[in-house]
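1. please find the sequence and the predicted model below.
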Amino acid sequence: MAGNEMHVLGLSGGRDSAALAVYMRQHHPDIEIEYFFTDTGKELPEVYEYLGRLEGFLGQRIRKLNPDRDFDFWLKQYNDFLPSAQTRWCTRQLKLRPFEQWVRPLLEEGKKIYSYVAIRGDEEYREGYSSKDKNLIIKLPFKEAGIDKAGVLDILEGAGLGLPHYYSWRTRSGCTFCFFQQKIEWVRLMERHPEAFEEAKAYE
């Protein structure tokens, strides 16, 4: 953190954000970046294991933005209405809100914050987080460099990290019971993490 500037990079526990952390460390070692992870309280064990390996590569701790209020708290606030594609309150309350709570006081102090987001060069349809504060500047290094999915895989292989282990049985990071899962991924969740599957059934 130099003077009145701060550089942050959010990790989801997934492939693209991990690759961006590696990329920034390799191509911009002069930039002091604070890496953070927002914990929903419902992550796969493989996510924490991968974040631990990433910390080893980066040589620094990843800040955990544990929301003061986890998934179960917000489920009650929404009258037991589970998140859906139409109402993705989980992302808003469990990912964006803790980030905003963290940076708001810093922005109010007049600090300029650069936030690095892992939207790839082949993701034209993704907008990413739009900043409402002129001092919160969103940077998209992969888009600027034209790095696509194959490039992301190359970065992770080259760093000796490879993919998070859950990619062997599901297509994305997120809560154990994410509604974006495919039917086959529910079956695999039941096989690999029966306790998480039972918890998901209880929610339904």
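-> Ah, there it is. Residues are numbered from 1 along each chain as shown.
2. beta partners of F36?
-> G10, R63 (DSSP bridges).
3. measure it to P98 for me?
-> In this view, F36 and P98 are 9 Å apart by Cβ to Cβ, to the nearest Å. All C-beta atoms are positioned from the backbone trio N, CA, C, and that covers glycine.
4. ok so I31 is a strand residue?
-> No: applying DSSP: H, G, I helix; E, B strand; the rest coil, one finds I31 to be coil, outside a strand.
5. for D148, list the residues it contacts.
-> When contacts are counted by Cβ atoms under 8 Å, 6 or more residues apart in numbering, D148 touches 120-122.
6. adding pLDDT, write the residues you listed out as a markdown table.
-> Formatted as a markdown table, these follow (pLDDT from 0 to 100):
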| residue | pLDDT |
| --- | --- |
| R120 | 92 |
| G121 | 90 |
| D122 | 90 |
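7. can you pull the residues that touch both of F36 and P98?
-> When Cβ under 8 Å, 6+ apart defines a contact, the residues bordering F36 and P98 alike are L65.
8. check the offset of stretch 134-144 from the chain's centre.
-> 16 Å (Cα atoms, centre = their mean, to the nearest Å).
9. pull out the buried residues from that stretch.
-> Within stretch 134-144, the residues that count as buried by 16 or more other Cβ atoms under 10 Å are 135-136, 140-143.
10. sitting in helices, which of the residues you listed do you find?
-> Mapping the buried residues of stretch 134-144 onto helices (DSSP state H) picks out 141-143.
11. closest to V152 among these?
-> Each of those was scored against V152 by Cβ to Cβ, and F142 proved nearest at 7.5 Å.
12. if I look at the closest one, how far off is H193?
-> Distance from F142 to H193, by Cβ to Cβ: 30 Å.
13. sorry, back to before: let me have the buried residues of stretch 134-144 in CSV, extended by pLDDT and distance to S115.
-> Listed next are those as CSV, based on pLDDT from 0 to 100; distance: Cβ to Cβ, whole Å:
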residue, pLDDT, distance to S115
N135, 91, 11
L136, 91, 6
L140, 93, 10
P141, 95, 11
F142, 95, 14
K143, 92, 14
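14. can you show me the helices along the protein?
-> 15-27, 45-58, 71-77, 89-91, 97-108, 141-145, 149-158, 183-192, 194-203.
15. mean pLDDT lowest where, among these?
-> Here the helices of the chain differ in mean pLDDT, and the lowest is helix 89-91 at a mean of 55.
16. returning to that earlier point: any idea which of the helices of the chain is most buried?
-> Neighbour counts (mean count of other Cβ atoms under 10 Å) averaged over each of the helices of the chain peak at helix 15-27, with a mean of 21.
17. nearest to H7, of the helices of the chain?
-> The nearest among the helices of the chain, by Cβ to Cβ, is helix 15-27 at 8.4 Å.
18. chain center to the closest one, what's the gap?
-> With Cα atoms, centre = their mean, you get 13 Å for helix 15-27.
19. got the CA coordinates for that helix in PDB?
-> Extracted in PDB, the C-alpha atoms of helix 15-27 (Å, rounded to 0.1, in the frame of the first residue of the first chain):
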ATOM      1  CA  ARG A  15      -9.700 -20.800 -11.400                       C
ATOM      2  CA  ASP A  16      -9.800 -17.300 -12.900                       C
ATOM      3  CA  SER A  17      -9.200 -15.200  -9.800                       C
ATOM      4  CA  ALA A  18      -6.400 -17.500  -8.700                       C
ATOM      5  CA  ALA A  19      -4.700 -17.200 -12.100                       C
ATOM      6  CA  LEU A  20      -5.100 -13.400 -11.900                       C
ATOM      7  CA  ALA A  21      -3.300 -13.400  -8.500                       C
ATOM      8  CA  VAL A  22      -0.500 -15.400 -10.100                       C
ATOM      9  CA  TYR A  23      -0.400 -13.200 -13.100                       C
ATOM     10  CA  MET A  24      -0.100 -10.000 -11.100                       C
ATOM     11  CA  ARG A  25       2.600 -11.400  -8.900                       C
ATOM     12  CA  GLN A  26       4.600 -12.500 -12.000                       C
ATOM     13  CA  HIS A  27       4.000  -9.400 -14.200                       C
END
